[in-house]
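# Using only what follows, build the 3D model:
(chains A and B)
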Amino acid sequence: MRDLARIAVEEALRLGASQADARVERVLVEELLVRNGELAMAQTREEFGLGISARLSGGQGFSAVPLQGRADREAALAAARKAVQAARELAPTCSSPRPFAPEPGHRGEFRTPLVIDPFRVPLAQKVEHLRAAEGSLAGRPEVVNREAALSLRREERWHVSSEGLDVHQDLLRTGAGIAATAVDAGQCERRSYPASFGGDFAGRGYEHVLEMDLAAHGPRVRDEAIALCRAPQCPGGVRDLILMGNQLMLQIHESVGHPTELDRALGAERDLAGGSFATPDQLGRLRYGSELVNLVCDSTAAGGLDTRGWDDEGVASGRWPIVERGLFVGYHTNRALCERIGEARSRGAARAESWYHPAIIRITNLSLMPGDWSLERLIADTEDGVVCDTVKTWSIDQQRVNFQFTTEAGWEIKQGKRTRLLRSPTYQGRTLDFWNSCDAICDASHWRLWGVPNCGKGNPMQVAEMSHGASPARFRRVLFVT
Amino acid sequence: MGLCSRERALELSLALARESTALETEVTFEHGVERFARFAAEGATQSADRERFEIAVRVRLDDVEGLREARATVSGSTLEAGRAALARAMELARYSPPNRALVPLGGPVEVPRTLAEPSTLAHSFADKSRWIARALELCLPHFEPAGLLQSSALAKAIVNSRGRAVYGQTGRFAASLTVSGGGGSGMAQASAARPELVDHERLFESARRTAEQSRDPRPLEPAEYTVVLEPLAVSSILLFAAYQGFGAREVEEQSSFLCGREGRRLWSERFTLTDDPDHPAMPALAFDGEGTPKRRRVLVDRGTPTGPVTDRHFAARRGEESSGHALAQPSSSGPMPLNLVVSPGQGTLAELISGVERGLLVKQFHYTNAIDPKELLLTGMTRNGTFWIEDGRVKFPVRNLRFTQSLVEALANLRAVGAGGEAAGALFDGEIVTPPLVVDRFRFTSSTDF
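Numbers count the residues shown, from 1 in each chain, chains lettered A, B, ... in the order given. Here you go, the predicted model:
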């Protein structure tokens, strides 16, 4: 496979490119969905294609073609020609070409560590597992929809460049979850486990599914969905907020991850996704959060959805801080933009959805480091608050300042005791005020990675996956709205 | 760029369907081509010239307890690639438990022939380069541009073992420009079947003018205001009715706002909403994901919702004919309308504004999302130009605001529907054709400093 990538790179150089890199990728996806007792979806998707990026006279071109086989030399050559032509025709518009930060030509292999290869687990066994999980949601007439889902993705890629890069990666991710929708008392409520939007995803094997023990959680999920229909709406007002990990991960993603993508901060994503309040002049100066807040990127984290050997510009994975003791200290960068903040090397955050997409800056595995509280002590220490669990919906402005999140469920805390269930708790805030109000983070025993399999960015939009580690944390005096 | 011909696409798909030993087989063949260039102040920042082929095979195996169904997709354009998909689908189906709820695949149908426009297929990077140069010339040095130029086309064939064989092409040219500077920002976008229909001078000028006019915005207390919503703002909220309300699955699951409201007059008689696959401003294929011909369908008739859209499965459950709104099957989502058109009313944008004593002109909403699907309770932010209106005139720009508002309630408070209509998109994909709307008592719940 790497020969096809090499052929494309050599052709691009022959046609005048000053730099080129090509990825040959084979992608295999399997999706199963059991809904209301039936196998509602059983499908696989397999893609095999080549994407090449070429630079020439300040212009940049990318081309992607499907490959008809291992020997599809003509397609590789055609892709190279198209990428060079795009770069050449667009070059006249480029007044101040972006320098492409140098990177050693890495060579090597990376495979997602796994215990059980999910593609080797017999289909019947996977379907049976989902049917048992979905069946555990049955038994109450108020439940109008029961779902158990499994999603697998394997991405094998060969990546070479004109700078000597020659790497092979075999990346795998596994996701699963259950959800029940209940209708009662004029309300329609959904409850999910372990997370919403298809469940929880990780860069692991089938062991990730087995460890979820979906069927054991079904009755609770079902009963909570029904109880939510009859629960009071979470009242508005200012009170303390405790976010569980499966909600805090999205808070991290939206209000720390996206604002610290350097392309957004420099205005290059204003055409769709937006910009960022965290501009480069604030680096090392901005008080992003309280002293307790440490947010760290780690594209080597075990089980992360963005855990790999190298990014899609051939930069080796690593770990670096974004917020250190509350201070804004780092960005997600790529090779074209890192120089704009005075960094000679990219952090390795350039990724493409697949062979069909050019690489753009993406959030990697970004986590809030644990503190030293237990959840029990945290609740006992809270006079008037709400514990919020599982993403329901969210919205944030184009500069990533004003946000509003709603969770599936909330529990009121009064005088240190968790009391009644609350429907649709919705909290609003501003990013810096919010992170500066963080006064307690639970310890490592509560900490785990949560997967985000559906992050959209770019124009045209492409999807990326990453994980965020979090343990429950408390934020003081947050505004709840109805 | 060129697209796979009708003859080749159907020949390949039929050959593959004939090789299947399944009780029922459906083959979907797609060939997509696209060229896009993104740009910012320093010129073109990203581009792609890309092509994809996809063959999807859906098979159904007979079983005493029902049908075993599965689908497999491969990237490729040859019979050999298709055979790999067929083999994988057969294997998957054998292990799938039988499903009694499946309805038979649809039989032969006639669909109108649609073709992608040659000028869209031919739009080169050199052409895009000239448009980019013009945008930079209009914006620099006082404003920062960020934009996209995109030409794309799709050929698609669906055949099945019950004799259905449809083919169509669609093409789209889209241009957008966001302009920022001095605390102001403006955005304009346009899409059409071919580039000649997009007036890029007018588009670029419009974005720049809004950026100029929205400089130095003043703070405004969040409250209920009358709003004049331009098409980009309307699309961002109305598309949620398509995603979460007008489909038969949501109705069956009782999560749709339509539940208990079908056939009841809910809104002003001024509001009529149609799903129209033939609308010239929104090029589309003439058939849905099951190969059923798409038909123009009125979803809201002068304020009264008429009922949900269906695919074959949900149509059978409702005792109706499919309305032609299936996604590719099987799907985790139900049927949905993808070609929404708001019927025009009367009055230009200026005339609509002149009828507002105190209120807001909203150019665009950003990151809208649904809190409660049953009432279509939505939240989102204003973006790229929000202006205070007083005594029928735009007075000054205001800082961005967050709204939290039920769409069901907003349409009940609809005061006016403007004339004309233009295609407008939203952050999470999708497009509608709409004129501007005037809505009373639109609820804003918080603000920002910009």
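
# Quickly list the domain ranges of chain A.
As assigned by automatic domain parsing, chain A contains the domains A:2-230, A:237-480.

# next helix or strand past the helix or strand where residue B:170 lies?
Following DSSP states H and E, one finds residue B:170 within strand B:165-181. Using DSSP H and E, the helix or strand that follows strand B:165-181 in sequence is strand B:184-192.

# That following strand to strand B:165-181, inter-axis angle?
Counting by axes from the mean of the first three to the mean of the last three C-alpha atoms, to 10 degrees, strand B:184-192 lies at 160 degrees to strand B:165-181.

# List the strands paired with strand B:184-192, with their directions.
The sheet places strand B:184-192 alongside strand B:165-181 (antiparallel), with pairing taken from DSSP bridges.

# pLDDT (mean, whole number) over the partner strand?
Across strand B:165-181, the average pLDDT comes to 96.

# Repeat that for stretch B:13-22.
pLDDT averaged over stretch B:13-22 gives 98.

# From residue B:306, how far off is the closest residue to residue A:116 other than its chain neighbours?
The spatial neighbour of residue A:116 that comes closest, neighbours along the chain excluded (C-beta to C-beta, 6 or more residues apart in numbering or on different chains), is residue A:206 at 3.9 Å. All C-beta spots, glycine's among them, are computed from the backbone N, C-alpha and C. To residue B:306, residue A:206 is 47 Å away according to C-beta to C-beta, to the nearest Å.

# Next: residue B:331.
Distance from residue B:331 to residue B:306, by C-beta to C-beta: 23 Å.

# Looking at these two, which is more packed in?
Neighbours were counted for residue B:331 and for residue B:306 using other C-beta atoms under 10 Å in any protein chain shown; residue B:331 has more, 19 against 15.

# Was I right to think the more buried one contacts residue B:289?
Yes - using C-beta atoms under 8 Å, residue B:331 makes contact with residue B:289 at a distance of 7.4 Å.

# Any regions of chain B where pLDDT drops low?
B:427-428 (pLDDT under 70).

# Can you pull the domain assignment for it?
According to automatic domain parsing, the ranges for chain B are B:6-204, B:217-450.

# These: which one's closest to residue A:365?
domain B:217-450 (23.2 Å; C-beta to C-beta).

# Pull up the distance across the closest one, start to finish.
End-to-end distance of domain B:217-450 (C-alpha to C-alpha, to the nearest Å): 7 Å.

# Where do the strands of the stretch 251-400 of chain B begin and end?
B:273-275, B:297-301, B:304-305, B:340-342, B:358-372, B:377-390, B:393-397 (DSSP state E, counting those that start in this stretch).

# can you list the residues that contact the shortest one?
Strand B:304-305 has contacts (C-beta atoms under 8 Å, 6 or more residues apart in numbering or on different chains) with B:258, B:261-267, B:299.

# and which of the residues you listed is nearest residue B:188?
Nearest to residue B:188 among the contacts of strand B:304-305, counting by C-beta to C-beta, is residue B:299 at 27.8 Å.

# Dump stretch B:342-354 to PDB, keeping only the CA atoms.
C-alpha atoms of stretch B:342-354 as PDB (Å, rounded to 0.1, in the frame of the first residue of the first chain):
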ATOM      1  CA  VAL B 342     -41.600  28.600   3.100                       C
ATOM      2  CA  SER B 343     -44.300  30.200   0.800                       C
ATOM      3  CA  PRO B 344     -43.600  33.800   0.200                       C
ATOM      4  CA  GLY B 345     -45.800  36.600   1.600                       C
ATOM      5  CA  GLN B 346     -45.600  40.300   0.900                       C
ATOM      6  CA  GLY B 347     -43.000  43.000   1.500                       C
ATOM      7  CA  THR B 348     -39.300  43.500   1.000                       C
ATOM      8  CA  LEU B 349     -37.000  43.300   4.000                       C
ATOM      9  CA  ALA B 350     -37.000  47.100   4.200                       C
ATOM     10  CA  GLU B 351     -40.800  47.000   4.300                       C
ATOM     11  CA  LEU B 352     -40.900  44.400   7.000                       C
ATOM     12  CA  ILE B 353     -38.500  46.500   9.100                       C
ATOM     13  CA  SER B 354     -40.600  49.600   8.500                       C
END
